[in-house]
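Enquirer: give me the fold of what follows.
(one chain, ligands or ions: 1)
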Amino acid sequence: MSDIKRIAVLTSGGDAQGMNSAIRAVTYSAINAGVSVTGIYRGYEGLIDWEVKELTIDNVRNINNRGGTILYSSRSERFLDKKNREIAAKNLKDHDIDALVVIGGDGSLRGAIEFTKEDIKTICIPGTIDRDMCCTEYTLGFDTAANAAMEAIDRIRDSSVSHGRCTVVEVMGRKRGYIALWAGMATSADAIILPEKWEGDFDNVVEAINRRHVGGKNNYLVVLAEGVTDANDLANYIQKETGIESRVSVLGYIQRGGSPTAKDRMYGSLMGAYAVEILVNEGRYNRIVAIKNDILTDYAIEEALDINNNELDSFQYKLSLTLSV
Ligand code: F6P
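Expert: You can find the predicted model right below:
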């Protein structure tokens with residue numbers, strides 16, 4: 001018989017498509033197991049201020065197709081302060097909550113690790129468009145974001161072709177290049193610039209464009225991961241060195257919005273159900289749900305943040321080079 005009678009769930013950090021499916025699956029699975037669910041609004045902020053709602057099956061019906069998160073989110077500065085974490089832990093204990101499910105990215109995981117020190121049983125679900133956690137092959141939101149970027153770039157290319165221009169398109173991803181790599185490969189970009197591989201050299205990009213120019217091409221697409229270099233500087237340099245008119249498009253938050261793909265809905269559902277399974281039926285906690293070899297598994301939360309074990313997939317990277325020659 002499980003000693004978990006009530007759990008809380010929150011979403012934290014940048015919203016990611018599929019978070020709603022995870023909230024839904026947590027709620028259905030918990031209620032099916034006789035466990036009550038408290039939804040915490042605005043991530044760790046709501047945990048400190050005790051902004052909550054009892055979640056019922058009715059509250060979470062028909063939310064799979066919704067972007068964003070029905071529980072809202074925040075990047076809580078206040079949660080970095082131990083005093084506020086103590087308030088949050090007291091709130092949970094005062095309301096007889098036995099465990100917490102945190103759906104979010106690396107900042108949220110760091111918060112969760114600190115929070116386990118307040119003796120709160122915690123399970124994390126990886127939710128971030130950046131796909132930047134080393135222990136899991138998938139983080140919720142990535143597929144929808146990569147597709148949103150791909151669709152936007154397809155449109156941008158139409159205009160670029162009509163005008164014979166080069167367009168530098170900046171995509172999100174924080175310190176990881178997966179959105180750039182996938183959206184760039186899917187749109188046959190002439191150059192993909194990734195944080196993991198950037199050597200600070202604009203000339204490689206110019207060379208790639210010149211090679212194609214000689215071959216008769218008249219429009220170019222450069223996909224740039226955010227934070228690597230300034231998109232305007234790069235476009236100006238390309239224009240100066242090649243004589244090809246160049247433009248910049250920064251895709252921004254359209255990558256975080258919109259209805260989740262089937263993959264994000266499905267993985268959100270699987271991860272949400274798995275979180276409840278290990279917590280309630282197996283009595284394990286302070287774990288992060290992960291996908292390994294396309295199978296659900298779990299790790300100690302700290303393992304998701306091991307920066308020494310967070311390489312870009314080398315086969316995917318090599319293929320991106322082959323396909324853009
Ligand atoms: O982590 C998700 C993400 O969208 C990153 O790709 C981006 O760098 C960041 O969040 C933007 O953060 P904010 O929503 O706080 O502006």
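Enquirer: quick check: closest non-adjacent residue to K53.
Expert: Spatial nearest neighbour of K53, chain neighbours left out: G39 (4.7 Å); criterion: CB to CB, 6 or more residues apart in numbering. The C-beta positions use only the backbone N, C-alpha and C, and glycine is treated the same way.
Enquirer: E277 now?
Expert: E277 sits nearest to S29 (CB to CB, 6+ apart), 7.0 Å away.
Enquirer: for that neighbour, give me its contacts.
Expert: By CB atoms under 8 Å, 6 or more residues apart in numbering, S29 lies in contact with G272, A273, V276, E277, V280.
Enquirer: and for the fourth one, the neighbour number?
Expert: Meaning E277. 17 (other CB atoms under 10 Å).
Enquirer: quick check: it vs A290, distance?
Expert: Separation of E277 from A290 (CB to CB, to the nearest Å): 14 Å.
Enquirer: per-domain residue ranges of the chain.
Expert: With domains defined by automatic domain parsing, the chain comprises 6-141+260-306, 144-257.
Enquirer: thinking again about what came up before, and the host helix or strand of the residue nearest to E277, average pLDDT?
Expert: If you go by DSSP states H and E, S29 is part of helix 19-32. Average pLDDT, helix 19-32: 98.
Enquirer: now N204. Nearest residue, chain neighbours left out?
Expert: Nearest one to N204, counting by CB to CB, 6+ apart, is A191 at 7.6 Å.
Enquirer: what's the angle from the helix or strand following the helix holding S29 to helix 19-32?
Expert: Counting by DSSP H and E, the next helix or strand C-terminal to helix 19-32 is strand 36-40. Using axes from the mean of the first three to the mean of the last three CA atoms, to 10 degrees, one finds that strand 36-40 and helix 19-32 are set 150 degrees apart in direction.
Enquirer: which residues touch the residue nearest the centre of the chain?
Expert: For the chain, the residue nearest the mean C-alpha position is T128 (1.7 Å; CA atoms, centre = their mean). For T128, the contact set (CB under 8 Å, 6+ apart) comprises G13, G14, A16, G104, G105, D106, T139, L140, G141, F142.
Enquirer: and it, its phi and psi?
Expert: Dihedral angles of T128 (phi, psi; degrees, to the nearest 10) stand at phi -170, psi 140.
Enquirer: do G107 as well
Expert: According to degrees, to the nearest 10, G107 has phi -60, psi -40.
Enquirer: so it sits against R75, correct?
Expert: Yes - applying CB atoms under 8 Å as the test, G107 and R75 come out as touching, 6.3 Å apart.
Enquirer: shared neighbours of those two, anything?
Expert: Common neighbours of G107 and R75 (criterion: CB under 8 Å, 6+ apart): S12, G13.
Enquirer: between the host helix or strand of I288 and helix 19-32, how many degrees?
Expert: Following DSSP H and E, one finds I288 within strand 287-292. Interaxial angle, strand 287-292 versus helix 19-32 (the same axes, to 10 degrees): 120 degrees.
Enquirer: got the buried residues for strand 287-292?
Expert: R287, I288, V289, A290, I291 (16 or more other CB atoms under 10 Å).
Enquirer: would you check that the third one makes contact with P126?
Expert: The one in question is V289. Yes - counting by CB under 8 Å, P126 is a contact partner of V289 at 7.0 Å.
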